[in-house]
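Novice: Sequence and predicted structure are below.
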Amino acid sequence: MSAPVLHFTPRAELEPQDNLEAFIEVCKQSEVLGACRQFALNVWDIGHLKGQNKMHRAVFSSLDASKTSAREPAMPHPFLDFAKAALVYLHDKRPVAAQDIRIAALRCLEAALREWSKGSRPTGVNVEVLDTAVELAKKQVSAGAAYRIAGQLVLISELMNSKGFIAHRQPWNHGLKKPQELGSRISKESLDARQEKLPSAAALRALAGIFQQAVEPTDVLVSSYTAVMLCAPERINEVVRLKRNCLVEGDGRFEGKLGLRWAGSKGAEDTTKWLPTQMVPVARDAVGKLLKVTAPAHRIAAWYAANPITLYLHDGATGLREQEVLSLEQLALILWGDESATGPANAWAQTTNKITKIPLGGRQIGFRFEDVERAVVAMLPTTFPYVLGAPELRCEDAMAIVRTNETHSQRATYLCMFSCVDSNLITNSYGREAQESIFERFAYTEDDGSRIELRSHSLRHYLNMLAQTGGLSSAEIAIFSGRKDVNQNRAYDHMSSDEVQAPISQALKMGFTADIVPAGLRNLIVRSEFKGIGIVAAHTTDYGWCTHNFASEPCQMYRDCTNCEEQECVKGEEHKEANLRSLKNETEYLLKEARAALDDEEYGADTWVKHQTKTLERVNALLAIIDDPSVPAGARVRLNLANAALITSDNIQPIEAIEANGRKPLP
């Protein structure tokens, strides 16, 4: 939802109960979460989550019922209508992908009202009731889930207070501390937790073997999608939303590279990920297998995209399109390509789809073609022509489609209909359910003979670990992983303390500190002299010193000292003058490269041309003054934002003539 559409303003002259009833009426008429169509129901269809075929539902059951996953009894009135309205209003203002935690908070709040003998009245909520709701959450769920439920209780209490349903003198806070994450690198618990998130060596070997051995459609799908997930650290919902044209052949500066078009999630945009050279053959092979195994389903999807109300007939049944009435043998041929399956065909027609039978003489029966056609077309995905869980992806463009029942081991494959593959096909095959895993089907075990179990997210953790140990920066890892915020990398950091320190230790062994100038040879300014030369706080830079007061605020230039008006250079400091000349050479080269990129119309090149040009202008301005024989040695030089020189001698205060307001990065 791009912008909120609901707004409720309480009326001061009304009692809390009257405002509450008016609030419920507003939400009851809303399109948010389809409330206007299903408000009277106690189970709402919310839609499909990304990469899943299963309908996501909001179940307004009581706290006691939820303990056994039962849908009844529902939360009692009058709280029930408030819970529905609150869910609608909060989703409009603070949308979430899944409603489970928010509904859990409402359940706990209602149960707390009953514990305080307040008759499930929303207007009876107070601090004690809210505190009790938190305690109920702590008893029922894990510490992490309880913390999230408590956060939703804060939102609910703020809503109720702001709309006049209750009156708090001050905002309520749940008081729970966020559960400590196992982020330490040295504790045994942290080491064990990190290891559990990574795939075992036996699992990785098994996946490679299965990828080469797989023949059956399910095995080909699972192993090929797994291979794709090992090419780039993507989420399972993004993998099943790949398009059929997901491979990208690089050109320009990416010539010779291979990329994969990925659908973004969790706030990240859709993007193309360029693959490591070693993984290019794996990606080509995996995508090729996926295209081949899903080709029959693709033909069916393309047919229905062009003919949405016309039955698809496979090559062996095309001659039946002109039939007015189909015999059981002909129906079985259309459905499954097996004329002998007359019993299942009859059950499909009469029991499942309630199609009226037509006598054909003797004991023979048949069914009208148009009735069969209508029943088969009704089997299309409910979101057709778009994929379930991917409202922007058309079925005929999707990679993750198969003929209906093609991945089912016991049911016959429909040759006239397709279905969408969701993430559960892959995750269940890894052994998370009681059913046989793909590792068991191919007789792979852990090194100790135990059952291999794998989580799809383990592969993402594994690739992030490789990126970290390989030296990628946090920004590069975030981009590679499709993250909006580099801080999210922290949960995927599996390096031990020894691994973190290894590069530093190696650098020290190789003489990294050999060229550091001994302290006795440095030109230092004693703190007692700062006042005399107009410095409150200072630190040296590669080209001079900086007068910025870090005690008051951080550096606004992000150490871009050359383009900062607070840096002063001293004529006669040879090593710093050499740094300036080196910077000039580097900037001239970078400017040349940026201009070449601009000519190639590369994204962002214009920004770098502007920045490098400004930097070169300032470096040239400084060097012109330093090389001017009329400027005495020891003179302190500072440029303002217009590149005008402010020159003083050692015993004169710097000229304060700044043309810009404050310290701002150059445009």
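Specialist: Sure thing, it's come through.

Novice: For the nearest residue to Val421 once chain neighbours are set aside, give me its contacts.
Specialist: The spatial neighbour of Val421 that comes closest, neighbours along the chain excluded (C-beta to C-beta, 6 or more residues apart in numbering), is Ala400 at 3.9 Å. Every residue, glycine included, has its C-beta placed from N, CA and C. Taking C-beta atoms under 8 Å, 6 or more residues apart in numbering as the contact definition, Ala400 lies against Val240, Arg241, Leu242, Thr294, Val387, Cys420, Val421, Asp422.

Novice: which residue sits closest to the last one in space, ignoring its chain neighbours?
Specialist: In other words, Asp422. Using C-beta to C-beta, 6+ apart, the closest residue to Asp422 is Asn53 (4.2 Å).

Novice: in terms of contact, does that neighbour touch Thr407 like I think?
Specialist: No: with contact defined as C-beta atoms under 8 Å, Asn53 and Thr407 do not form a contacting pair (11.8 Å).

Novice: Going along the chain, name the helices of the stretch 101-250 of the chain.
Specialist: Along the stretch 101-250 of the chain, the segments classed as helices by DSSP state H, counting those that start in this stretch run 127-140, 143-162, 188-196, 201-213, 217-229, 236-239.

Novice: what helices or strands is the shortest one leaning on?
Specialist: Helices and strands touching helix 236-239, by 3 or more C-beta pairs under 8 Å, 6 or more residues apart in numbering; DSSP states H and E, are helix 217-229, helix 423-427.

Novice: mind exporting stretch 58-75 as CSV, just the C-alpha atoms?
Specialist: Coordinates of the C-alpha atoms in stretch 58-75 are reproduced here as CSV (Å, rounded to 0.1, in the frame of the first residue of the first chain):
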residue,chain,number,x,y,z
ALA,A,58,-6.0,-13.7,9.7
VAL,A,59,-7.6,-15.9,12.3
PHE,A,60,-9.4,-14.0,15.1
SER,A,61,-9.3,-16.9,17.5
SER,A,62,-9.0,-16.5,21.3
LEU,A,63,-5.7,-17.0,23.1
ASP,A,64,-6.8,-20.4,24.4
ALA,A,65,-7.8,-21.6,20.9
SER,A,66,-4.5,-20.5,19.4
LYS,A,67,-2.6,-22.8,21.8
THR,A,68,-3.9,-25.7,19.8
SER,A,69,-4.0,-23.9,16.4
ALA,A,70,-7.8,-24.1,16.5
ARG,A,71,-9.9,-21.4,14.8
GLU,A,72,-12.7,-21.5,17.3
PRO,A,73,-13.7,-20.1,19.7
ALA,A,74,-13.1,-16.6,18.4
MET,A,75,-12.3,-13.7,20.6
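
Novice: how about the helix or strand where Met465 lies: buried residues?
Specialist: Met465 is part of helix 456-469 when elements are defined by DSSP states H and E. Along helix 456-469, the positions that meet the burial threshold by neighbour count (16 or more other C-beta atoms under 10 Å) are Ser456, Ser458, Leu459, Arg460, His461, Tyr462, Leu463, Asn464, Met465, Ala467, Gln468.

Novice: And those residues, which is closest to Trp336?
Specialist: When the buried residues of helix 456-469 are compared for distance to Trp336 (C-beta to C-beta), Ser456 wins out at 31.6 Å.
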